[in-house]
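>>> Return a 3D structure for these sequence lines:
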Amino acid sequence: MEQCFRCGAVGTGCELILKKDEGFKNRIPNKVLGEIFRDCCRTYGEEMMDGMPDDSGGEDLGNVSHVIPAINPHLSVCPERKLSLHTLEFKEHVLTPEGEAMCLLGAKAMAATALELMQTPELLDKAEKELESCLLDLYGEDYQKYR
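Numbering: from 1, shown residues only. I've put the predicted structure just below:
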């Protein structure tokens, strides 16, 4: 796996820094990115539900969200309530025409969010400052070693 990452870094002209952690960290949802994504969803006619479903799935995004601003949006594939992504019930809802439409909407909204960030770099700076503030609150002055 490490070799794949190294090849990807070479191929894209990036520097790779591998850091192995034990276990998963908590998610740090970024409000700046979340609001941009929510606005993009509204543009496509989707009002996202607030909050998160009960979810015992993997927390690998938690580790990512300690390094870069991140979101974990849940679109409404089930109109009555939110569903965990890691369940058979979610799978059943996604395998419907409505579920497929919601997946496409999510992809469009994510792409529109990325475009907004590329066109407005100060929003990305604001998201990064929010992350640093959250890490400072969580870990204190030594927060950089937890990234």
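>>> Report how many residues lie close to Thr134.
Not Thr; residue 134 is Cys. 18 (other CB atoms under 10 Å). C-beta: built from backbone N, CA, C; applies to glycine.
>>> Need the residues that contact the strand or helix carrying it.
In the assignment (DSSP states H and E), Cys134 maps to helix 121-139. Applying CB atoms under 8 Å, 6 or more residues apart in numbering, the contact partners of helix 121-139 are 28, 30-33, 36, 65-66, 68-69, 116-117, 143-147.
>>> What's the PyMOL line that selects buried ones from those residues?
The buried residues among the contacts of helix 121-139 can be selected in PyMOL (16 or more other CB atoms under 10 Å) with this line:
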select buried, resi 28+30+32+33+36+65+66+69+116+117+143
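>>> Point to the residue nearest the middle of the chain.
With distances taken as CA atoms, centre = their mean, the residue of the chain nearest its centroid is Ile71 (2.9 Å).
>>> what sits against that one?
Ile71 touches 29-30, 33-34, 37, counting by CB under 8 Å, 6+ apart.
>>> Quick check: buried residues in the helix holding Cys134?
123-124, 126-127, 130-131, 134-135.
>>> In this structure, where's the longest helix?
Ordering each helix of the chain by length in residues (DSSP state H) puts helix 97-119 first.
>>> so where is the protein shaky, pLDDT-wise?
Along the chain, the parts satisfying pLDDT under 70 run over 49-58, 79.
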